[in-house]
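Enquirer: pasted the sequence and its predicted model underneath.
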Amino acid sequence: MRPSHRRLLKILLTLTFVALIVWQAGGLGEISAAMQRMAPLYMVLVVMVMTLDRILMTYKWGLLLRLRGLHLPLWRGVQMYCAAMIWGMFLPATVGADAIRAVSASRMGLPLSEVTASIIIERMLGFMSALVLALCSLTLLSKLGVLEARFAPLWWIALALLIGALGAFSASFSHRTYQLIHERLLARFRESGVMARLRRFHETYRAYQEHKSGMTVFFGLSFAEQLLPILHSWLIAVGMGIDVGLLFIAGAVPLSLLIARIPISIDGLGVYDGAFILLMALAGVSPAESVAIAMIGRILQILTWLPWWAAYVMGRGSLRPETRPHSTE
């Protein structure tokens, strides 16, 4: 299937999921009425938590770069991160937020291969910490006595994904894997310029195996950072007057976020909401209220990113994202 066809299919699936969610929630009127119950003070608190989330996320990324002797100013990095997220909302999937972030960092003088390697490590460790958190959430919901038998397969899926991710992450640093790729599978293309660049990039990536303690710290920070969506989702629920405990939210949000990683819709739209509705129903929260929590979260997230995006744009003097890397290899 062509990329354009895949994107069209993804758009159609997203629209279908959203329509089904709105119908399940009783219509836009019900969702809007629930959203209007949000207290302004709690909106401010949520924005503060989301800002902390973005600062911690940028700090983690900077930590990976520092392991390789590179420096990314924290506040400039936050601007870059938020700007990439804003631009990524309007660009094709092939030019996503991570690609914009990598190119933006290279325009600051950081080697593109090093930046790209750090982003890949960031994503892989972040995914594994999300899987660990999902298993913790399943345990928590079981202890609360609300996890029904129909959710039992989630245990095995999350555990299998975690084992698979650990195996793939370990193999990605293996010398045997390196030899298999470059000396066997791609041996006939070894002398080409593209393969030479790929080989150098793989060597840059594998250099992170010398920083196991640093990556362990990064994993711990990732786990901590992924607790923040739990906090801001709970604050939104409290701000709307919904009586649901923090512990239950701690069970529902990570599982919904993990399910939303299935790449069948744009930014998890409809997928996250459907999973969230299903899980929140176990606590007696209505579909309209669940969708309202998710929608307010998305709106406030964008509002959190916008000032950082504006600061980054004004600093560059251009509304367009960087699309051409600065060669520093």
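Expert: Great, that's in hand.
Enquirer: where do the helices sit along the stretch 151-300 of the chain?
Expert: 152-172, 175-179, 193-206, 212-225, 228-239, 246-260, 271-280, 287-316 (DSSP state H, counting those that start in this stretch).
Enquirer: dump those helices into CSV; add mean pLDDT as well.
Expert: Shown next, in CSV, are those (pLDDT from 0 to 100):
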stretch, mean pLDDT
helix 152-172, 88
helix 175-179, 86
helix 193-206, 86
helix 212-225, 95
helix 228-239, 97
helix 246-260, 92
helix 271-280, 93
helix 287-316, 95
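Enquirer: closest to Ala130 out of these?
Expert: helix 246-260 (5.7 Å; CB to CB). The C-beta positions use only the backbone N, C-alpha and C, and glycine is treated the same way.
Enquirer: leaving out chain neighbours, which residue sits closest to Met35?
Expert: For Met35, ignoring the flanking residues on the chain, the nearest one in space by CB to CB, 6 or more residues apart in numbering is Ala292 at 4.5 Å.
Enquirer: out of the helices of the stretch 151-300 of the chain, nearest to Thr116?
Expert: Here helix 193-206 is closest among these (CB to CB), at 6.9 Å.
Enquirer: possible to save the helices of the stretch 151-300 of the chain as a markdown table with distance to Tyr81 and mean neighbour count?
Expert: Output for those, formatted as a markdown table (distance: least, CB to CB, whole Å; neighbours: other CB atoms under 10 Å):
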| stretch | distance to Tyr81 | mean neighbour count |
| --- | --- | --- |
| helix 152-172 | 23 | 14 |
| helix 175-179 | 30 | 12 |
| helix 193-206 | 21 | 14 |
| helix 212-225 | 12 | 16 |
| helix 228-239 | 14 | 22 |
| helix 246-260 | 18 | 22 |
| helix 271-280 | 21 | 24 |
| helix 287-316 | 8 | 20 |
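Enquirer: and for the residue lying closest to Gly214 once chain neighbours are set aside, the neighbour number?
Expert: Leaving out its chain neighbours, the residue that sits closest to Gly214 by CB to CB, 6+ apart is Leu67, at 4.4 Å. By other CB atoms under 10 Å, the residues close to Leu67 number 19.
Enquirer: quick one: pLDDT of Leu67?
Expert: Leu67 is assigned 95 on the pLDDT scale.
Enquirer: then Leu91?
Expert: pLDDT, read off for Leu91, is 66.
Enquirer: so what's Met1 scoring on pLDDT?
Expert: Per-residue pLDDT puts Met1 at 62.
Enquirer: same deal with Ser4?
Expert: 67.
Enquirer: again, but for the one 5 residues further on
Expert: At Leu9, the predicted lDDT confidence score is 83.
Enquirer: now Val95
Expert: Taking Val95 on its own, its pLDDT is 51.
Enquirer: for the stretch of helix or strand Met124 belongs to, buried residues please.
Expert: Take DSSP states H and E as the rule and Met124 turns out to sit in helix 112-144. By 16 or more other CB atoms under 10 Å, the buried positions in helix 112-144 come out as 112-122, 124-138, 140-141.
Enquirer: now do stretch 313-326
Expert: Neighbour-count burial for stretch 313-326 [16+ other CB under 10 Å]: Val313, Arg316, Pro321, Glu322, Pro325.
Enquirer: make a markdown table out of those and add distance to Ser106.
Expert: Below are the buried residues of stretch 313-326 laid out as a markdown table (distance: CB to CB, whole Å):
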| residue | distance to Ser106 |
| --- | --- |
| Val313 | 18 |
| Arg316 | 14 |
| Pro321 | 13 |
| Glu322 | 8 |
| Pro325 | 4 |
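Enquirer: closest to Ile264 among the residues you listed?
Expert: Closest approach to Ile264 among the buried residues of stretch 313-326 (CB to CB): Pro321, at 25.7 Å.
Enquirer: how about the closest one, secondary structure?
Expert: coil (DSSP: H, G, I helix; E, B strand; the rest coil).
Enquirer: find me the pLDDT at the closest residue to it other than its chain neighbours, would you?
Expert: Excluding its sequence neighbours, the residue lying closest to Pro321 (CB to CB, 6+ apart) is Trp87, at 4.2 Å. Here the pLDDT value assigned to Trp87 is 88.
Enquirer: for Trp87, what are its contacts?
Expert: Contact partners of Trp87, counting by CB atoms under 8 Å, 6 or more residues apart in numbering, are Ala97, Ile100, Trp309, Pro321.
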